[in-house]
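# Whatever this is, show me its structure:
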Amino acid sequence: MTSLIGLICATVLTIVIRKPILHLIEDVKPLSEGDLSKEMKAEETNDEIGTLVGSFGRMLENLRNLVVQVNATSGSVGSCAGACCF
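Numbers count the residues shown, from 1 in each chain. A predicted model of the protein is given here:
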């Protein structure tokens, strides 16, 4: 009986821990391939995995902002270079 209870507890814990990690993997895979357009689907919770999810969400937002800044700066440099050379 004790073994059965232990097995049930282990199974429930595995599901509870595994599900958010699988969602995070699903969210992060496109990022690793350079696709910053996807939204994070994993939910931020009050545990270590939730903290990790929140960190990835903030990292995604910061990467998007960085791309916007680089695009704006490169446009400014290009127009400046064109004006200076001609």
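
# by contact count, what packs against the host helix or strand of L4?
According to DSSP states H and E, L4 maps onto helix 2-32. Packing partners of helix 2-32 (3 or more C-beta pairs under 8 Å, 6 or more residues apart in numbering; DSSP states H and E): helix 48-85. Where you see a C-beta, it was placed from the backbone N, CA and C, and this is true even at glycine.

# Mind listing what's buried along the helix it packs on?
Residues I49, L52, V53, F56, L60 are the ones in helix 48-85 that count as buried (16 or more other C-beta atoms under 10 Å).

# okay, the angle between it and helix 2-32?
0 degrees (axes from the mean of the first three to the mean of the last three C-alpha atoms, to 10 degrees).

# pLDDT below threshold where in this structure?
Within the chain, the segments meeting pLDDT under 70 span 77-86.

# Could you measure from the residue nearest the centre of it over to G75?
Nearest to the geometric centre of the chain sits F56, at 3.5 Å (C-alpha atoms, centre = their mean). Distance, F56 to G75, using C-beta to C-beta, to the nearest Å: 29 Å.

# and if you look at I25?
Counting by C-beta to C-beta - I25 and G75 are separated by 35 Å.

# and if you look at V53?
34 Å.

# do M40 as well
Taking C-beta to C-beta, one finds M40 at 29 Å from G75.

# Check I21 too.
Counting by C-beta to C-beta, the gap from I21 to G75 is 40 Å.

# Out of the buried residues of helix 48-85, the closest to V67 would be?
Using C-beta to C-beta, L60 comes nearest to V67 of the buried residues of helix 48-85, at 10.9 Å.

# Isn't that closest one up against L36?
Yes: counting by C-beta atoms under 8 Å, L36 is a contact partner of L60 at 6.5 Å.

# Burial check on L4, number of neighbours?
8 (other C-beta atoms under 10 Å).

# same check, this time on the one 4 residues further on
Applying the criterion other C-beta under 10 Å, we find 10 residues in the vicinity of I8.

# Likewise for the one 3 residues further on?
One way to gauge burial is a neighbour count; for T11, by other C-beta under 10 Å, it gives 10.

# what residues are up against it?
Taking C-beta atoms under 8 Å, 6 or more residues apart in numbering as the definition of contact, T11 has no neighbours.
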